[in-house]
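> heads up, no residue letters with this:
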Ligand SMILES: C[S@@+](CC[C@H](N)C(=O)[O-])C[C@H]1O[C@@H](n2cnc3c(N)ncnc32)[C@H](O)[C@@H]1O
């Protein structure tokens, strides 16, 4: 059987140059061989293959053959459920739900560097800007997943519309925000469940109004929702608090939907267990930067605010890694004997988020820091996912694992 990488080579596809929706259609078509899903992608995949980009020898259909995926995280062949991965980043949420037996049928992410990492690991290029994607185009799925950007949104217009006596649903309240795109896809596709991830502050943003709108919108769409702030420290050696919102489509046959977030009791993780044994000197802070960080911290301490840099206790856990880690790495510094401290390597950042070592990092260090900082703690997401899938099975009482699939 032809391998995925061989067919890419035969077609002369240099992924760097093919991160558009055409290649997204083709890779989604290749991965989704079941009739219902593949029909969504066939037309655009053929158009892409016929476009002048490829000097095809033979007919496009010739390239629609079953592929063997020689990538670290291939698609599941007998999936228990189908999901979509929105605001996908590098696929941390996908990885967790694939591990639970799910098959991703659609993914969207607009950053080209993230798309490159995603393709290298999952063999699929995400579609771009979600605001430009018609929800009808998205295949049916059981679970919608999204770690959406915390884009503050204003609901200032709502009371004015109320005052004018206009009827308004979620569209009026959330229009123009990325949360709106999640809501419109839920409204159109009506998956059985969803899981959303965001920063902890979402709950308190705009004095709690933002979260109120989110909650009401999801409930108005017919979902029963559960939410909790969870800390990654129970799964990896990193303090990382994130809100997870889980929702289940209300079902007439089920009075009480029971869902419980995973138990988190004791954090036994130590940062020393994820460090690489030998690390290039380029990760050691220069004297200039180390002096600057120390002076900066001292200045702020004197004023009574800020913690400055974060020199990590190797037997403890780190602070939260953020997308800005690439700037100076000051939030997580590793002490070294006889040397200035160093920042984490990209591989250590991957481990800090619970990514396995097979995860390919095909981008520069700076991009990798941004990508892992933006991503999720994979085992935490997987622990939530396990509970979500259990609840879905209770609601739909499948006789076999396959029965959960739409
Ligand atoms: C918080 S990150 C999610 C990271 C992801 N959960 C992971 O595991 O890597 C949000 C992502 O949304 C993407 N994004 C923002 N606006 C978008 C849009 N309009 N369409 C598609 N992706 C978008 C950003 O590029 C970013 O990668």
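Alright, I've got the coordinates. In this text, all values refer to a predicted model and were calculated from it rather than measured experimentally.

> Leaving out the residues flanking it, which one is nearest to residue 16?
residue 116 (6.7 Å; Cβ to Cβ, 6 or more residues apart in numbering). No exception for glycine: its C-beta is placed from N, CA and C like everyone else's.

> following the helix or strand hosting the one you found, which helix or strand shows up next?
If you go by DSSP states H and E, residue 116 is part of helix 112-122. Moving toward the C-terminus from helix 112-122, the next helix or strand (DSSP H and E) is strand 143-146.

> How about the helix holding residue 116, which residues are buried there?
113-122 (16 or more other Cβ atoms under 10 Å).

> Out of the residues you listed, the closest to the ligand would be?
Minimum distance to the ligand across the buried residues of helix 112-122 is 5.0 Å, recorded for residue 114 (Cβ to the nearest ligand atom).

> Show me what the helix holding residue 116 is packed against.
Judged by 3 or more Cβ pairs under 8 Å, 6 or more residues apart in numbering; DSSP states H and E, the packing partners of helix 112-122 are helix 365-374.

> Give me the angle between the helix it packs on and helix 112-122.
80 degrees (axes from the mean of the first three to the mean of the last three Cα atoms, to 10 degrees).

> do helix 365-374 and the ligand meet at all?
Yes: counting by Cβ under 6 Å from any ligand atom, the ligand has neighbours in helix 365-374: residue 374.

> contact partners of that helix?
89-90, 113-114, 117, 321-326, 329, 345-346, 349-350, 352-353, 355, 361, 363 (Cβ atoms under 8 Å, 6 or more residues apart in numbering).

> Does residue 244 touch residue 261 like I think?
Yes: the criterion here is Cβ atoms under 8 Å, and residue 244 meets it with residue 261 at 7.3 Å.

> higher neighbour count, the two?
Between residue 244 and residue 261, counting by other Cβ atoms under 10 Å, residue 244 is the more crowded of the two (22 against 16).

> List the buried residues for the strand or helix carrying the more buried one?
Here residue 244 sits within strand 241-249, counting by DSSP H and E. Counting neighbours by 16+ other Cβ under 10 Å, one finds that the buried residues in strand 241-249 are 242-249.

> May I see these organised as TSV, with distance to residue 394 added?
As requested, those are exported to TSV (distance: Cβ to Cβ, whole Å):
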residue	distance to residue 394
242	25
243	24
244	19
245	19
246	14
247	15
248	10
249	13
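
> In the stretch 1-150 of the chain, what residue lies closest to the ligand?
Residue nearest to the ligand within the stretch 1-150 of the chain (Cβ to the nearest ligand atom): residue 89, separated by 2.1 Å.

> Which residue ranges of this structure form helices?
4-10, 21-31, 35-50, 92-99, 112-122, 156-163, 170-174, 178-189, 209-220, 287-302, 325-328, 346-352, 365-374, 378-396 (DSSP state H).

> Can you tell me which of those helices is nearest to residue 135?
Closest to residue 135 of those is helix 178-189 (Cβ to Cβ; 3.6 Å).

> what about the closest one, distance to the chain center?
Here the centre of helix 178-189 is set off from its chain's centre by 17 Å, with Cα atoms, centre = their mean, to the nearest Å.

> what's that helix packed up against?
Packing contacts for helix 178-189, counted by 3+ Cβ pairs under 8 Å, 6+ apart, involve strand 81-86, strand 143-146, helix 170-174, strand 193-199, helix 209-220.

> how about stretch 104-112 against the ligand, any contact?
Yes: counting by Cβ under 6 Å from any ligand atom, contacts between stretch 104-112 and the ligand involve 108-111.

> Now do that stretch: everything it contacts.
19, 28, 31-32, 37, 75, 82-89, 91, 94, 97-98, 115, 118, 122, 124, 126-130, 133, 138-141.

> ok now it, how far from the chain's centre?
On the basis of Cα atoms, centre = their mean, stretch 104-112 sits 9 Å off its chain's mean C-alpha point.

> with the residues of stretch 104-112 next to the ligand in mind, which one is nearest to residue 383?
Nearest to residue 383 among the residues of stretch 104-112 next to the ligand is residue 109, at 23.6 Å by Cβ to Cβ.

> Near the closest one, how many residues? Count them for me, please.
Using other Cβ under 10 Å, residue 109 has 25 other residues around it.

> same deal with residue 77?
8.

> Model confidence score at it, please.
Note for residue 77: predicted pLDDT of 82.

> And residue 347, by the same measure?
98.

> was I right about it contacting residue 356?
No: contact criterion Cβ under 8 Å: residue 347 and residue 356 do not qualify, at 10.9 Å.

> intersection of neighbour lists for the two?
Counting by Cβ under 8 Å, 6+ apart, residue 347 and residue 356 have no common neighbour.

> hang on, the earlier thing: the ligand next: which of the buried residues of helix 112-122 are close?
residue 114.
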